[in-house]
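Asker: what would the 3D arrangement of this be:
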Amino acid sequence: MNKMESKMPKVSVIISAFNHEKYIADSINSVLNQTYKNFEIIVINDGSTDNTSIIIGEIANENKDKITFIDHKVNQRPKLSGNEGISLAKGQFIAFNDGDDIWYPTKLEKQMQMFEHDILQKIGLVYCYGKNINENSSRFRSEIEAVDVKEDVFSQLFESAFFFKISMVVRKEVIKAVGLMDERYPYCCDYGLMIRIAAEGFQFDRVPEVLVGHRIHDANETADIVTAQLNTKDMLQDIAIRYNDLIISKNINIQQRLSVCDLRIARHYFAKGENKRCREYVLKILKLSPSLFFSDRLLFPITFLSLMPKSIRNIFKHVKPFNKLFLATYLARTR
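Answerer: The predicted model follows:
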């Protein structure tokens with residue numbers, strides 16, 4: 001190994017930020033404070049209009065040996081700064097953090113141990129468990145359910161994204177093999193990347209510990225849920241076409257998975273009190289995926305309440321156990 005190779009970071013950590021002045025210092029410092037030290041940080045400010053850029057600049061100036069700062073003055077499309085970071089990365093492994101999320105100190109160390117013990121280099125991606133850091137009282141789950149890797153990772157991922165983007169470390173050569181995040185699907189490009197990695201047969205493994213914190217706050221809570229779910233449906237349909245033989249061989253019910261996106265939209269409209277829009281999606285689900293009507297515990301009462309006038313519905317909102325239904329719907333609408 002020559003001197004140039006020895007100075008190259010092994011892991012490139014990409015942090016995307018947009019109007020995260022309240023959280024960005026914690027996010028960057030949580031990476032700087034990792035027990036594993038062989039990494040670089042690429043921070044991309046995506047056109048923030050608050051003091052995010054100033055804060056990043058100050059931290060970057062104090063850590064010039066670790067941090068590369070890309071400061072965009074105009075906001076790009078959501079989440080696609082990850083592709084820019086990947087193109088700039090010098091490391092053999094890629095990891096992600098967001099400007100409002102944090103890592104716990106041993107995250108990289110424990111995940112890199114998994115790769116280092118993988119002598120045959122069969123593992124393409126290692127994820128860890130995470131939890132929500134809730135700034136809005138008790139409206140959200142704090143712990144994310146622990147999901148073990150199954151042999152059929154593709155089917156499991158197609159059904160749902162069972163880990164955060166910030167939870168994963170992936171070999172850079174794997175991303176080169178499957179391609180960057182698909183810019184046609186800005187609201188779910190990271191999820192699409194996970195599915196494609198699984199579809200191409202790369203092995204997944206996990207550290208069964210909570211090593212990241214995903215922050216819940218007003219700004220990310222008010223994201224455009226409808227647009228995100230419609231974008232996800234388009235992405236999943238594209239995956240289904242691209243990997244049609246794999247979908248058929250695993251007997252995956254594509255329509256039911258797409259209807260899950262419609263269900264999340266229905267929950268969203270229900271929580272907002274937009275009964276007419278809610279009913280449109282509920283009827284669509286009943287027509288295309290009737291089995292979902294009986295398997296989802298919220299769909300039947302949502303249908304029942306959405307048929308009522310708003311004045312009557314508001315009465316139920318304050319009556320037990322219906323008040324718990326409204327809360328559960330609020331919690332579930334983005335999952």
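
Asker: ok, Ala232 - contacts?
Answerer: Check again: residue 232 is Thr, not Ala. Under the criterion of C-beta atoms under 8 Å, 6 or more residues apart in numbering, the contact list for Thr232 reads Tyr185, Tyr187, Cys188, Tyr191, Cys261. Quick note: C-beta positions are derived from backbone N, CA and C, even for glycine.

Asker: is it true that the third one touches Ala228?
Answerer: Yes. When contacts are counted by C-beta atoms under 8 Å, Cys188 is listed as touching Ala228 (6.8 Å).

Asker: quick check: mean pLDDT across the host helix or strand of Ile86?
Answerer: Taking DSSP states H and E as the definition, Ile86 sits inside helix 81-88. Taken as a whole, helix 81-88 carries a mean pLDDT of 93.

Asker: go on, stretch 48-61?
Answerer: Confidence over stretch 48-61 (mean pLDDT, whole number) is 95.

Asker: list the strands paired with the top strand by length along the chain, with their directions.
Answerer: In the chain, with assignment by DSSP state E, the single longest strand is strand 203-216. For strand 203-216, the paired strands and their directions (DSSP bridges) read strand 102-103 (antiparallel), strand 123-134 (parallel).

Asker: let me see the mean pLDDT of the last one.
Answerer: Right, the one you point to is strand 123-134. 90.

Asker: equivalent analysis for the shortest one, please.
Answerer: Summarised as a single mean, pLDDT over strand 102-103 is 96.

Asker: give me the residues contacting the helix holding Ile86.
Answerer: Outside helix 81-88, the residues that touch it by C-beta under 8 Å, 6+ apart are 12, 14-16, 42, 44, 46, 68, 70, 72, 94, 96, 165, 172, 175, 180-181, 183, 189-190.

Asker: okay, the angle between the helix or strand just after it and helix 81-88?
Answerer: With elements assigned by DSSP H and E, the helix or strand that comes after helix 81-88 is strand 93-98. Going by axes from the mean of the first three to the mean of the last three C-alpha atoms, to 10 degrees, strand 93-98 is angled at 150 degrees with respect to helix 81-88.

Asker: output strand 93-98 as CSV - backbone C-alpha positions only.
Answerer: What follows is the C-alpha trace of strand 93-98 in CSV, where atoms were taken according to Å, rounded to 0.1, in the frame of the first residue of the first chain:
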residue,chain,number,x,y,z
PHE,A,93,-18.0,2.3,1.7
ILE,A,94,-20.9,4.8,1.6
ALA,A,95,-23.0,5.8,4.6
PHE,A,96,-25.7,8.5,4.9
ASN,A,97,-27.0,10.9,7.5
ASP,A,98,-29.5,13.7,7.3
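
Asker: which other helices and strands does it contact?
Answerer: The helices and strands touching strand 93-98, judged by 3 or more C-beta pairs under 8 Å, 6 or more residues apart in numbering; DSSP states H and E, are strand 11-17, helix 24-32, helix 81-88, helix 107-116, strand 169-171, helix 172-178.

Asker: what angle do helix 24-32 and the helix or strand just after the second one make with each other?
Answerer: Once the chain leaves helix 24-32, the next helix or strand it forms, by DSSP H and E, is strand 39-46. For strand 39-46 against helix 24-32, the angle by the same axes, to 10 degrees is 160 degrees.

Asker: what packs against strand 39-46?
Answerer: Helices and strands in packing contact with strand 39-46 are listed as strand 11-17, helix 24-32, helix 52-62, strand 67-72, helix 81-88; criterion 3+ C-beta pairs under 8 Å, 6+ apart.

Asker: quick check: chain neighbours aside, which residue is closest to Thr52?
Answerer: Using C-beta to C-beta, 6 or more residues apart in numbering and skipping the chain neighbours, the partner closest in space to Thr52 is Glu21 (4.8 Å).

Asker: gap between the one you found and Ser27?
Answerer: Distance from Glu21 to Ser27, counting by C-beta to C-beta, to the nearest Å: 11 Å.

Asker: quick one, phi/psi of Phe164?
Answerer: For Phe164, the backbone dihedrals are phi -70, psi 150 (criterion: degrees, to the nearest 10).

Asker: surely it touches Gly130?
Answerer: Yes. The pair Phe164 / Gly130 is scored as a contact, 4.9 Å apart, by C-beta under 8 Å.

Asker: compare Glu21 and Ser27 (neighbour count), which wins?
Answerer: Between Glu21 and Ser27, counted using other C-beta atoms under 10 Å, Ser27 has the larger neighbour count: 26 against 17.
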